[in-house]
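Q: Fold the following, please.
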Amino acid sequence: MAMPAVLRRFTVDELEGFPPDGNRHELLDGILIVTPQAGLPHQTVAARLVRALDSVLGDELGVQWWTPGAIQIRPQTHLEPDILVGRMPADGRWESVQDHWLAVEISGVGSRLFDREVKRDAYLELGVKEVWRVDLGFQCIFVSSPGGPADTRHDTTLTWYSPGGRQLIVDIPALFRGLPPGA
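A: Numbers count the residues shown, from 1 in each chain. Now for the predicted structure:
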């Protein structure tokens, strides 16, 4: 008779005590997820998106972007999107952020499956209003929102509106310009 595997579940408090090792450590319902440090194409795309977001959100009262961000619900959930747009809470703590308007995951070969099959749905269930999965290999952006279709593909432009109604148009080919194909 086969015995079921039992996964060790961790808490956010335990996660906070992990020594730094260069990897990203996240928790989803207590399950530990470890991913390697992001590579150069990933960092380049993240920087370009942050510049674009900052041009729209720069002076929008109370709205912030963080890279990486954290969606934290104690005791057992701590997810770190590559970019998170939300409202700064009065106490400045991740678990106090109530408004999560946008979570961005930049997906390469090592994270594509996990970002698509696990994190996207987790973000939406946790109340994120829109999730972008920026795919380095396909050089496109997949967009998902609660109640909408999962992974609507955008290859040329993507239009997003800030919480204050400001428009951001992402030029997708420019986002990936100069990067090695299939990164």
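
Q: just checking, next helix/strand downstream of the longest strand seen in the chain?
A: Ranked by residue count, the top strand of the chain under DSSP state E comes out as strand 100-107. Note on strand 100-107: by DSSP states H and E, the next helix or strand toward the C-terminus is helix 112-114.

Q: So for that next one, what gets flagged as buried?
A: 112, 114 (16 or more other C-beta atoms under 10 Å). Placement of C-beta: from N, CA and C, glycine included.

Q: which residues are contacting that helix?
A: 33, 35, 135, 137 (C-beta atoms under 8 Å, 6 or more residues apart in numbering).

Q: what do you get if the cut-off is 7 Å, keeping everything else the same?
A: 135, 137 (C-beta atoms under 7 Å, 6 or more residues apart in numbering).

Q: what's the answer for stretch 35-45, then?
A: 22-24, 106, 108, 110-111, 134, 136, 175-176, 179-180, 183.

Q: go again using 10 Å as the cut-off
A: For stretch 35-45, the external contacting residues (C-beta atoms under 10 Å, 6 or more residues apart in numbering) are 21-26, 46, 67-68, 80, 82-83, 104, 106-111, 114-115, 134-137, 139, 141, 175-180, 182-183.

Q: which of these are buried?
A: Judged by 16+ other C-beta under 10 Å, buried ones among the contacts of stretch 35-45: 24-26, 46, 67-68, 80, 82-83, 104, 106-108, 111, 114-115, 134-136, 139, 141, 175-176, 179, 183.

Q: For whatever helix or strand residue 168 lives in, which strands pair with it and how are they oriented?
A: Assessed by DSSP H and E, residue 168 sits inside strand 167-171. Paired with strand 167-171 in the same sheet, following DSSP bridges, are strand 157-161 (antiparallel).
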